[in-house]
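Novice: Provided below for reference: sequence and predicted model.
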Number of protein chains: 4
Amino acid sequence: MTDANYNRFAGQNVKRIEAISDGVFAVALTLLVLDIRVPVTEAIHSEGDLVHALCGLMPKFLSYFLSFMTLGIFWTGQSAQYYYIERSDRDLSWISLFFLLFVSLLPFSTAFLSAFLPYKFPVFVYWLNIFMLGFSLYIHWQYAYKKGFVNAPESERAAIGKAIKLRIIRAQTLYGCAALLCLVNSYLSIAMIILIQLNYALGLVSGREKNR
Amino acid sequence: MTDANYNRFAGQNVKRIEAISDGVFAVALTLLVLDIRVPVTEAIHSEGDLVHALCGLMPKFLSYFLSFMTLGIFWTGQSAQYYYIERSDRDLSWISLFFLLFVSLLPFSTAFLSAFLPYKFPVFVYWLNIFMLGFSLYIHWQYAYKKGFVNAPESERAAIGKAIKLRIIRAQTLYGCAALLCLVNSYLSIAMIILIQLNYALGLVSGREKNR
Amino acid sequence: MTDANYNRFAGQNVKRIEAISDGVFAVALTLLVLDIRVPVTEAIHSEGDLVHALCGLMPKFLSYFLSFMTLGIFWTGQSAQYYYIERSDRDLSWISLFFLLFVSLLPFSTAFLSAFLPYKFPVFVYWLNIFMLGFSLYIHWQYAYKKGFVNAPESERAAIGKAIKLRIIRAQTLYGCAALLCLVNSYLSIAMIILIQLNYALGLVSGREKNR
Amino acid sequence: MTDANYNRFAGQNVKRIEAISDGVFAVALTLLVLDIRVPVTEAIHSEGDLVHALCGLMPKFLSYFLSFMTLGIFWTGQSAQYYYIERSDRDLSWISLFFLLFVSLLPFSTAFLSAFLPYKFPVFVYWLNIFMLGFSLYIHWQYAYKKGFVNAPESERAAIGKAIKLRIIRAQTLYGCAALLCLVNSYLSIAMIILIQLNYALGLVSGREKNR
């Protein structure tokens, strides 16, 4: 196979990885809402009952919001990698699928978490899901970088590579601490996960300049 | 990072925001129909029963149609913005995700509305969903405009910016009035929302020339 | 707005209409399968029971297959139009959404049909869905043609325009006849719809050369 | 129709086939998880119960993982073909839809398999689904190759064509053997299918160099 040919193939492939990723994220984002069921009609006799019933769905809305942010953060993370990655091979494609495996598991972890909020085990499962998302994204970047699929000016490549990896390690350390808080109280643990995510979503602390 | 590099990144990102948006809209549009359940087999003994059962689903079809139009209007609105927006950054990407959060909540608001049609509270929840869609789209444009991500001839940029914002404000004012009608009667309120939406979908009043 | 600008916008828009269409079709195609429920575990005691249970699902598989073909035919039809359509405006975009409304209703019509197979009314509802798909696709082409959005060599434009319209009219006439057969027997009616669709899917009769 | 025109059309079409394929795969990948239901709240009284309940879901997770790999393998296979295929016609488009029919059936086959794990018949159904995926992909390549839609340097075309076909035949032979193991024990059969898939996903044996 000629080089020109190979490059064209790889470019094509990157586009399809991005396309299937956007698809899986879009479906996962929207499936999350299926866990929020409309209250049963028989139990409702007044406007007050309706307000009350909706308030009773708050844990569901909370975990929906939590998972929407989780997916948003990892979608942004993967997009950022593909800003620099411009070629791909079979293995990178499978690492992406491995990453998407945990994206599509998140609606389950979320439903599991919101159904058993006071328990510790669902928080552990949720954390494990987040950890596997971060882990596979780390491996993804590492592999693409080693294989020379990353396209960035020579002078900045090392810095970019380090920044992306540091970002994942730092975030996962924070998530790990949040998960450990579970030993004290599972609500505290979830609250800290939400705070970490709000931090990343709003880009408050931890160097928006440095890590883009 | 060089400028050329940055521009390329941003362009890439805009494409992925559009891709995930189209995905979320597509899933939301199609999920709406899951709320329309086929009548139970046991209750059906004749063609007449079937016609009757389908007529009983009319409130579901009505709210399905309503929400399809709502999603259509906001999809058109976001597309129109991305006609002019040609770059993006992390914050704009998160504002888009915030917008998509309310897109993916719409199937729930719709199901809630159609399950409790005579009540006022679901109309309020539905209006709140529409309001948040308009609000996040407004912020989205405002941010993109301020950051210089909007690409339009110098001579027209201000006019375009103003037209897009006016459009949102005008529509939201009308929706707000419709929601207030709820104090009188919730059916009246929904009827007015549908009329407003038909107006925007068919492009009847309010200056198709001016606001494109 | 300069012409160059307008063209670029329109092109962009056509891409997004195609993207959301592919999304809605993809979700609808896959949602169809949700109507085929795995048999209940309690009723199964042997391999024979399983084979028997799967055979009992045949009407579901049949209507699944039927609707997959329906969606395939209209997806092909819309794709063919967008081969020639290279610009768009707000109204064409809304006609496309109107078309997608009936695409996303098809999983319901299908479930309704397969739940009440011996009845005539569901066949009518299914036919109505197919009719509205054809009708909106006809309007879609008509509008795009009149507005000059169709890009084809001057010498062929009229012929292409006529061929696309004739194709829809011919197919809808056949579907109409099939629906009328319902007055005799609803199974006969469905059988003829399937035959018509196989004809279009396999491109047997009715001039593959002429209509592409 | 001029040749230039035809080529442009075909290119356009290939993009849409890829887009709807990525969509169907994305939805199918994510729908698989809907079969894993969160345990019922009433049965849970301690962390131990939760761990136990999650362990009880292991067959579901196993078949989820199995099907994710199946879809991943065939997505990769189809992507690889479209690296070389650069034109399309109506028939190739329908062969693709036929392929997607079996993609969207996989969530059903998977649910059927995981609900009746000790039985042989669901393994047969699952194998049949895999076989049809391979069969339609084979026909797909065969047709595209014969019609001259494959774009590869003259000197390599025959080798590429042979490699892609050999790959499918070899994999399907292995799947066939795995399915036959069902006569001994259905768990053994599934275990071998998983091993075959891990082999292809990880690219261990059978010539990563030769077949890409």
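Specialist: Cool, the structure landed.
Novice: Within range of chain C, give me the residues from chain A.
Specialist: Proximity of chain A to chain C is confined to A:23, A:26-27 under the rule CB under 8 Å from any CB of the partner chain. For glycine as for every other residue, the C-beta is placed from the backbone atoms N, C-alpha and C.
Novice: wait, does the host helix or strand of residue A:103 contact chain D?
Specialist: When secondary structure is defined by DSSP states H and E, residue A:103 falls within helix A:90-115. Yes. Residues of helix A:90-115 contacting chain D under CB under 8 Å from any CB: A:90-91, A:93-94, A:97, A:100-101, A:104-105, A:107-108, A:111-112, A:115.
Novice: in that helix, what's buried?
Specialist: Buried positions in helix A:90-115, judged by neighbour count with 16 or more other CB atoms under 10 Å in any protein chain shown: A:90, A:92-115.
Novice: what about the helix or strand following it and chain B, touching?
Specialist: Scanning forward in sequence from helix A:90-115, with DSSP H and E defining helices and strands, the next element found is helix A:121-146. No. Using CB under 8 Å from any CB, helix A:121-146 never reaches chain B; the gap is at least 15.3 Å.
Novice: Quick one: work out the angle between helix A:121-146 and helix A:90-115.
Specialist: Direction vectors for helix A:121-146 and helix A:90-115, defined by axes from the mean of the first three to the mean of the last three CA atoms, to 10 degrees, enclose an angle of 160 degrees.
Novice: Against which helices or strands is helix A:121-146 packed?
Specialist: Helices and strands touching helix A:121-146, by 3 or more CB pairs under 8 Å, 6 or more residues apart in numbering or on different chains; DSSP states H and E, are helix A:58-84, helix A:90-115, helix A:154-180, helix A:186-202, helix D:47-56.
Novice: of all those, which lies closest to residue C:86?
Specialist: Ranking those by distance to residue C:86, with CB to CB as the measure, places helix A:58-84 first at 28.4 Å.
Novice: where does chain A come near chain D, residue by residue?
Specialist: When proximity is defined as CB under 8 Å from any CB, chain A approaches chain D at A:1-2, A:5, A:9, A:12-13, A:16, A:19-20, A:22-24, A:26-28, A:31, A:34, A:90-91, A:93-94, A:97, A:100-101, A:104-105, A:107-108, A:111-112, A:115-116, A:119-122, A:125.
Novice: For stretch A:146-163, output the C-alpha coordinates as PDB.
Specialist: Extracted in PDB, the C-alpha atoms of stretch A:146-163 (Å, rounded to 0.1, in the frame of the first residue of the first chain):
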ATOM      1  CA  LYS A 146       3.500   6.700  20.600                       C
ATOM      2  CA  LYS A 147       2.300   5.700  17.100                       C
ATOM      3  CA  GLY A 148       2.900   9.300  15.800                       C
ATOM      4  CA  PHE A 149      -0.700   9.900  14.900                       C
ATOM      5  CA  VAL A 150      -0.700  13.200  16.800                       C
ATOM      6  CA  ASN A 151      -0.200  16.200  14.600                       C
ATOM      7  CA  ALA A 152       1.200  19.200  16.400                       C
ATOM      8  CA  PRO A 153       4.100  21.500  15.800                       C
ATOM      9  CA  GLU A 154       7.300  19.700  16.900                       C
ATOM     10  CA  SER A 155       8.000  22.400  19.500                       C
ATOM     11  CA  GLU A 156       4.700  21.900  21.300                       C
ATOM     12  CA  ARG A 157       4.000  18.300  20.900                       C
ATOM     13  CA  ALA A 158       5.700  17.100  24.100                       C
ATOM     14  CA  ALA A 159       3.900  19.900  26.100                       C
ATOM     15  CA  ILE A 160       0.500  19.100  24.700                       C
ATOM     16  CA  GLY A 161       1.000  15.400  25.300                       C
ATOM     17  CA  LYS A 162       2.000  15.900  28.900                       C
ATOM     18  CA  ALA A 163      -0.900  18.400  29.500                       C
END
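Novice: quick one on the thing from earlier: how about a markdown table for the helices and strands packed on helix A:121-146, with distance to residue C:189 and mean pLDDT added?
Specialist: Shown next, in a markdown table, are these (distance: least, CB to CB, whole Å; pLDDT from 0 to 100):
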| stretch | distance to residue C:189 | mean pLDDT |
| --- | --- | --- |
| helix A:58-84 | 44 | 91 |
| helix A:90-115 | 40 | 93 |
| helix A:154-180 | 58 | 91 |
| helix A:186-202 | 54 | 90 |
| helix D:47-56 | 46 | 92 |
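Novice: Of the residues of helix A:90-115 next to chain D, which is the nearest to chain C?
Specialist: In terms of CB to the nearest CB, no member of those lies closer to chain C than residue A:104, at 13.2 Å.
Novice: residues in contact with the closest one?
Specialist: With contacts taken as CB atoms under 8 Å, 6 or more residues apart in numbering or on different chains, residue A:104 has the following neighbours: A:24, A:27-28, D:29-30, D:32-33, D:68.
Novice: Which pLDDT value goes with the closest residue to it other than its chain neighbours?
Specialist: Nearest in space to residue A:104, with sequence neighbours left out and distances taken as CB to CB, 6 or more residues apart in numbering or on different chains, is residue D:30 at 4.5 Å. Among the per-residue scores, residue D:30 holds a pLDDT of 91.
Novice: My guess is residue D:30 contacts residue A:27. True?
Specialist: Yes. The pair residue D:30 and residue A:27 passes the contact test of CB atoms under 8 Å, sitting 4.0 Å apart.
Novice: What is the neighbour count of residue A:197?
Specialist: If you count neighbours by other CB atoms under 10 Å in any protein chain shown, residue A:197 ends up with 23.
Novice: Verify the contact between it and residue A:73 for me.
Specialist: Yes. Applying CB under 8 Å as the test, residue A:197 and residue A:73 come out as touching, 6.2 Å apart.
Novice: between these two, what contacts are shared?
Specialist: Overlap of the contact sets of residue A:197 and residue A:73 (by CB under 8 Å, 6+ apart) is empty.
Novice: Can you flag the residue of chain A lying furthest from its geometric centre?
Specialist: Among the C-alpha atoms of chain A, the one most distant from their mean position (CA atoms, centre = their mean) is that of residue A:45, at 40.2 Å.
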